[in-house]
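**Q** Give me a model of this one.
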Amino acid sequence: MRFVLTRDSMSPPLLPGPVMNRHFLAGCLAFAIAGCDASSDTATPLPSAAEKVPTSVGATAAGPTGHADNANSLESAAQVRRRLADYVPVRLTADLSAFSARQKAMIALLVKAADGINAIYWQQAWGDKADLLDRIDDPATREFAMINYGPWDRLNGDRPFVADVGTRPPGAQFYPADMTKTEFEQSKLKDKTSLYTLLRRDGQGSLTTVPYHVAYKKPLEEIADLLRKAARLAEDDGFRHYLKLRAAALLDDDYRRSDMAWMDMKNNSIDIVIGPIETYEDQLFGYKASYESYVLIKDRVWSEGLTRFAKYLPELQRELPVADKFKAETPGSDADLNAYFAIYYGGDANVGAKTIAINLPNDEQVQLRKGTRRLQLENVMQAKFDRILLPIGLALIADDQVRHLNFDAFFQNTMFHEVAHGLGIKQTINGKGSVRKALKDQASSFEEGKADILGLYMVRRLAEKGELDKRRLMDNYVTFLAGILRSIRFGTSDAHAVANTVRFNIFKQQGAFRRDPESGRYRVDFDKMTTAINTLAARLLTIQGNGDYAAAKALNAQMGAVDAQLAGDLQRLEQAHIPVDIRFEQGLEVLGLDKP
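**A** All right, here's what the predicted structure looks like:
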């Protein structure tokens, strides 16, 4: 069977020869491995009806990745070694030969600054990193703790793998361990819901807040100094201005000016995303942002091929399949789409499932005034497609539909997922404030679900407008289904996995796909998939617009479970030794750069 991975439908030029060859060989290897396994493929026997099927988020029949272990039990050293194999190593590098010695020195400073974020994130996620590592004798377990930034298995329902650590606290280290939700909600502290404050107890035992820039003062001063040094070497005026403002923001927690400056940059070939950004780590309320970092090299050729899509954003917003009151906001006009090679991930970006695209800033006011920037991390995306998504599709998609699995579709689905974050509604229509604050701990999974479903909706609308090849829409649908199966394996502690599980179950209900009981493979129904996309998009946007926390929580509870049949299919992926995600080999040595 021949898999053609072209880029005609996207219009950017083909990858450079060596990159395209690596992709082709990786795809062939995945096909060969999966093909050998599929030659004797029979459906895994399903659990008996007497076995309990989970009914809420966090419960699975065999663990989120198919591991048939008690989610609350301690992972043994042997299990940890098996779990390490679920992360396939990927080198983060790029061709830096076109940059001057001055620019390479600047990149080295940015990488060092990005690396400094790791120490802060360790404090947010666990606490004392050295204390934890000193308690671990087994080398594999120590390595696994480094991957997970703590003693809980992020992609296996947060199961502990170090003795006597207990369950992962939903509020991480953002709140006192003994604080209740009621105590928090009754507190009169004005900045308690700020993205950038920690909740602590004062000398009298009462709740108080500590700003991030105070709590993490020393490492932030070191990172800010590195950014200022990098600014002095920057050749692009806009990037130099941004670096100075970002350094200042790290020291006072006022990020809006630097976010505006970041959106104003258009010509820089080197970029850094750094600071407290996403709120996934705070599973108690979803209020507190975690520190993360990316260092990126722009692919100018690919980026130029994506610019034509940005002009359609206001029109796509108006056409969303929901009542007008839920789409009255107008996205900023400066939004842009770009492709990058990622050369460093730090902090929250580097834990658990690795990001393949970014949509920032998250500040709703910046989004309304400037729009957002969608960054497609093409080298990481390519690695995940070759090593994970394609083998999953070959194992679980119907034989006559596997021809629809291709990188173009994966790239499009991912890109428009990020575009969709900027669409819809940011402020509730009934005075409940921002959607993020109204939906609290449900906000992250709902936002990811909305972005996935609206992204696929936009692919269809752009195809109907002639901007994408309408004849290849089935590629997007089938690759999307394989992507759902990939993301569900991230585990129920991951917002993307919860969103994908909800979508899988709703699509199943509506007949968007069928599972053949004989082969255990999935087949997409094109027309029913189209209908299901519109229906689910309207449902998610309505709940967001109304700030309906009860409805959001109920939907995730009712539809966010991995049932026994799906768990069995995920188990087949484990038996085929298909990785769950990737881990990076990265840093100055990998890039061939001198230490600053």
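
**Q** Okay, now the unreliable bits of the protein?
**A** Applying pLDDT under 70 to the chain flags the ranges 1-72, 331-335, 492-495.

**Q** buried stuff in the longest helix seen in it?
**A** Scanning the chain for the helix with the most residues, using DSSP state H, yields helix 101-125. Neighbour counts over helix 101-125 (16 or more other C-beta atoms under 10 Å) mark 103-125 as buried. The C-beta positions use only the backbone N, C-alpha and C, and glycine is treated the same way.

**Q** Remind me what it packs against, helices and strands.
**A** helix 129-134, helix 217-233, strand 270-278, strand 290-298, strand 336-347, helix 588-591 (3 or more C-beta pairs under 8 Å, 6 or more residues apart in numbering; DSSP states H and E).

**Q** Dump those into TSV; add distance to A420 and mean neighbour count as well.
**A** Supplementary listing: the helices and strands packed on helix 101-125 in TSV, determined by distance: least, C-beta to C-beta, whole Å; neighbours: other C-beta atoms under 10 Å:
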stretch	distance to A420	mean neighbour count
helix 129-134	36	13
helix 217-233	31	18
strand 270-278	16	23
strand 290-298	20	25
strand 336-347	12	24
helix 588-591	33	16
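
**Q** Now tabulate these in JSON lines and tack on distance to S444.
**A** Converted to JSON lines, the helices and strands packed on helix 101-125 look like this (distance: least, C-beta to C-beta, whole Å):
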{"stretch": "helix 129-134", "distance to S444": "25"}
{"stretch": "helix 217-233", "distance to S444": "25"}
{"stretch": "strand 270-278", "distance to S444": "8"}
{"stretch": "strand 290-298", "distance to S444": "11"}
{"stretch": "strand 336-347", "distance to S444": "17"}
{"stretch": "helix 588-591", "distance to S444": "31"}
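
**Q** Out of those, which gets nearest to I488?
**A** Distance to I488, taken as C-beta to C-beta, is lowest for strand 270-278 among the helices and strands packed on helix 101-125, at 20.0 Å.

**Q** Listing partners with orientation, what would you give for the closest one?
**A** Strand 270-278 sits in its sheet next to strand 290-298 (antiparallel), going by DSSP bridges.

**Q** pull the CA atoms of the partner strand into CSV?
**A** Extracted C-alpha coordinates of strand 290-298, given in CSV (Å, rounded to 0.1, in the frame of the first residue of the first chain):
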residue,chain,number,x,y,z
SER,A,290,2.5,27.6,35.2
TYR,A,291,5.9,28.8,33.9
GLU,A,292,6.9,27.4,30.5
SER,A,293,9.3,28.3,27.7
TYR,A,294,9.9,27.6,24.0
VAL,A,295,12.8,28.7,21.8
LEU,A,296,11.8,28.7,18.1
ILE,A,297,13.3,29.3,14.7
LYS,A,298,10.8,30.5,12.0
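
**Q** Determine how far it lies from the middle of the whole chain.
**A** Using C-alpha atoms, centre = their mean, to the nearest Å, the mean C-alpha position of strand 290-298 is found 13 Å from that of the whole chain.

**Q** mind checking which of the helices and strands packed on helix 101-125 is nearest L306?
**A** Closest among those, using C-beta to C-beta: strand 336-347, at 4.1 Å.

**Q** Give me the angle between the closest one and helix 101-125.
**A** Put simply, strand 336-347 runs at 60 degrees to helix 101-125, going by axes from the mean of the first three to the mean of the last three C-alpha atoms, to 10 degrees.

**Q** Partner strands of whichever helix or strand comes after strand 336-347, with direction?
**A** Moving toward the C-terminus from strand 336-347, the next helix or strand (DSSP states H and E) is strand 357-360. With DSSP bridges as the test, strand 357-360 is paired with strand 373-377 (antiparallel).

**Q** For the spatially closest residue to R135 that is not a sequence neighbour, give me its contacts.
**A** Spatial nearest neighbour of R135, excluding adjacent residues (C-beta to C-beta, 6 or more residues apart in numbering): V162 at 6.6 Å. Shown in contact with V162 (C-beta atoms under 8 Å, 6 or more residues apart in numbering): 74, 132, 135-136, 141, 145, 151.

**Q** Kindly supply the PyMOL command isolating those of these that are buried.
**A** In PyMOL syntax, the buried subset of the contacts of V162 is picked out as below (16+ other C-beta under 10 Å):
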select buried, resi 132+136+141+145+151
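
**Q** For the residue nearest to R135, give its distance to Q173.
**A** Computed as C-beta to C-beta, to the nearest Å, the V162 to Q173 distance reads 16 Å.

**Q** Then G422?
**A** 31 Å.

**Q** who's more crowded, those two?
**A** G422 (24 against 18; other C-beta atoms under 10 Å).

**Q** wait, that one sits on N359?
**A** Yes - using C-beta atoms under 8 Å, G422 is in contact with N359, at 6.4 Å.

**Q** any common contacting residues for those two?
**A** 372, 374.

**Q** Confirm I425 sits in a strand?
**A** No - with DSSP: H, G, I helix; E, B strand; the rest coil as the criterion, I425 is assigned coil and is not in a strand.

**Q** Please identify the helix or strand for the residue nearest to R135.
**A** Using DSSP H and E, V162 falls outside every helix and strand.

**Q** Next: E185.
**A** helix 181-186.

**Q** Pull out the buried positions in that helix.
**A** So helix 181-186, judged by 16+ other C-beta under 10 Å, has buried residues F184.

**Q** ok, residues contacting it?
**A** Against helix 181-186 from outside (C-beta under 8 Å, 6+ apart): 175, 192, 199, 207, 284-285.

**Q** returning to what we had before: determine which two of the contacts of V162 are furthest apart.
**A** L74 and L132 (14.9 Å).

**Q** Need the distance between the two termini of stretch 453-472.
**A** Start-to-end span of stretch 453-472 (C-alpha to C-alpha, to the nearest Å) is 18 Å.

**Q** Report the separation between the residue lying farthest from the centre of the chain and L198.
**A** Largest separation from the mean C-alpha position in the chain: Q204, at 40.1 Å (C-alpha atoms, centre = their mean). From Q204 across to L198, the span is 18 Å (C-beta to C-beta).

**Q** repeat for G491
**A** 26 Å.

**Q** Give me the more crowded residue out of the two.
**A** Of the pair G491 and L198, G491 is the one with more neighbours under other C-beta under 10 Å, namely 27 against 20.

**Q** Over to that one. Which of the three states is it?
**A** Quick answer, by three-state DSSP: G491 is coil.

**Q** Please tell me I have it right and it contacts R159.
**A** No - counting by C-beta under 8 Å, G491 sits too far from R159 to count as a contact (9.0 Å).

**Q** List the buried residues of stretch 457-477.
**A** 457-463, 467-468, 472-473, 475-477.
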